[in-house]
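> pasting a predicted model and its sequence here:
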Amino acid sequence: MPVAVVVGAQWGDEGKGKVVDLLTENADVVARWGGGANAGHTLVVDGQKYVTHLMPSGVLRRQVTCVVGEGMVIDPKILLEEIRAFKKHGLLADSSKLLISRRAHMTLPHHRILDGVREQGPAAVGSTKRGIGPTYESKAARTGLRIDDLYRPDRFRKRLEANLQLLGPVFADAKDQLPSVESVIKEYLAYGEELAPYVGDASYFLNKQIDAGKNVLLEGAQGVLLDIDHGTYPFVTSSSTTAGGACAALGIGPTKIKTVIGIVKAYATRVGMGPFPTELDDAVGAKIREAGAEFGSTTGRPRRCGWLDMPALRLAIRLSGIESLALTKLDVLSGMETVKVCVAYKLRGKLLEEMPCDPEDVDEVEPVYEEHPGWKQTKADGGLDGLPETAAKYLDRVSELAGIPLSLISVGPGRDETIVKGHPFE
Ligand code: GDP
Ligand code: IMO
Ligand code: MG
């Protein structure tokens, strides 16, 4: 069962791009299952930086087939821009190296506009304004358009008109921003032509690969704490970001999953609105933001920064059945006199080991901190033994508090800046 699921174990931007790129050295297939161009996954190889929004992070590995899977919401324009850019780098020359699910839903111009309109009103959550929420709304309302519709022009027109009619009242104030139906049809059918060589049945392909014993990695987007069901609702994204979400979206039975790896930063960040108990709204938070270059890969927004939050991490571990952690950005905390970890919350006189359900409770909790001596510098050479003693002790304590091992430690954005301890396909 060589199928591994990788999820972000916080509020996104944990370093999934870097870790997935690294773990796919021996992978045959990398599939994404959720979200869309709200994601921004960064890969740094030989000093060159790539940011992917829809393309799975296995794209730089020539042997890997990338799958843009069921459950995702695809903005075809952005996906085509990524395909063209990677082709320029000499990748994806063979169209069999990319498979786009014909069942994935599409983000249309009016979904993007609606996202922007909402973000100006009382329902704002600090979204990425990529049209993600409205696209999933159309999907759930059963009026959405799927990749398949690009190849049935009559159906595309009918569904587009019906979708627009349903959303019409919401657009009352933004009608002048809407492109005409004819121009959308023309634009999207042209995208369809360019995407055609890659479109297929992703679920079928993935199951065939799994049955053939291939190494398959399922790459999460966002983070478990942004999950539509289990996250800090309503300050969440609109899809399932837990490991179980991968099975549901891609049509892979849970019996096929070998392991789940969670990615966690050595501290915590969050973009957008919503509770964040360990947030540092001070000079220390600003220092982490600067040292960690914590600005959104998709929107460029400054990320809110804070200390590592174990009650939040424990929730993510439970929700996704995470068996080991890849800890990133340890280097960012270098130079700090002391480093804090939130080990529990206090809520109305009670001690909590796990983040509570209600976001208002999460807003109210008081973090209980443990303080650790800092370290000057981290480097990957020399493995774990090459780390300063205080950094190694911090890692041991994080693993102990999480109750699971650390399988990978990252001390910089590049492939080499990693202390690898385990491999998902071994
Ligand atoms: P993702 O959405 O989870 O893929 O994460 P992002 O790409 O949005 O943000 C993570 C950022 O941290 C990117 O700029 C990475 O290049 C960078 N990064 C990843 N791992 C490390 C690390 O160990 N140290 C440092 N300094 N940067 C890292
Ligand atoms: P990656 O995959 C961080 C956040 C947004 C907002 C909320 C809802 O790069 O980790 P949406 O546009 O999804 O409707 O916004 O979710 N969000 C992310 N935050 N990383 C991401 O992706 C995110 N994708 C969505 O900031 O708070
Ligand atoms: Mg990101």
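Structure received. Residues are numbered from 1 along each chain as shown. Ligands and ions are numbered 1, 2, ... in the order given.

> going by C-alpha atoms from here, please, whenever you check contacts or count neighbours.
Fine.

> just list the residues touching residue 146, thanks.
Going by CA atoms under 8 Å, 6 or more residues apart in numbering, residue 146 touches 102, 103, 104, 105, 106.

> quick one: pLDDT of it?
Predicted confidence (pLDDT) for residue 146: 98.

> just give the nearest non-adjacent residue to it, would you?
residue 105 (4.1 Å; CA to CA, 6 or more residues apart in numbering).

> quick check: phi and psi on residue 295?
phi -130, psi 140 (degrees, to the nearest 10).

> that one: what's it in contact with?
289, 301, 302, 303.

> ok, now residue 156?
145, 149, 150, 185.

> repeat for residue 214
2, 27, 28, 29.

> got a list of what the first one touches?
Meaning residue 2. 210, 213, 214, 215, 216, 257, 258, 424, 425.

> hmm, 6 Å instead?
215, 425 (CA atoms under 6 Å, 6 or more residues apart in numbering).

> okay, now the unreliable bits of this structure?
The model of the chain has pLDDT under 70 over residues 1.

> how much space between the most centrally placed residue in it and residue 299?
In the chain, the C-alpha nearest the mean C-alpha coordinate belongs to residue 221, at 2.0 Å (CA atoms, centre = their mean). As for residue 221, its distance to residue 299 is 15 Å (criterion: CA to CA, to the nearest Å).

> residues of the stretch 51-200 of the chain that sit close to ligand 2?
125, 126, 127, 128, 129, 130, 132, 133 (CA under 6 Å from any ligand atom).

> taking those residues, please make a PyMOL selection of just the buried ones.
Selection of buried members from these for PyMOL, criterion 16 or more other CA atoms under 10 Å:
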select buried, resi 125+127+128+129+130+132+133
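
> now stretch 263-274: buried residues?
263, 264, 265, 266, 267, 268, 269, 270, 271, 272, 274.

> oops, could you answer that again for stretch 242-252 instead?
Those would be 242, 243, 244, 245, 246, 247, 249, 250, 251, 252, for stretch 242-252 by 16+ other CA under 10 Å.

> for that stretch, the distance to its chain's centre please.
14 Å (CA atoms, centre = their mean, to the nearest Å).

> contact partners of it?
The contact list for stretch 242-252, computed with CA under 6 Å, 6+ apart, reads 33, 70, 71, 203, 224, 253, 254, 320.

> so where do the helices sit in the chain?
Taking DSSP state H, the helices of the chain run over residues 16-23, 76-88, 109-118, 132-140, 153-167, 181-195, 202-211, 243-250, 283-291, 310-320, 359-364, 389-402.

> hmm, who's touching the last one?
Residues from elsewhere that reach helix 389-402 (CA under 6 Å, 6+ apart): residue 405.

> may I see the buried residues of it?
391, 392, 394, 395, 398, 399, 401, 402.

> and what of the shortest one?
Applying a neighbour-count criterion of 16+ other CA under 10 Å, one finds 359, 362 buried in helix 359-364.
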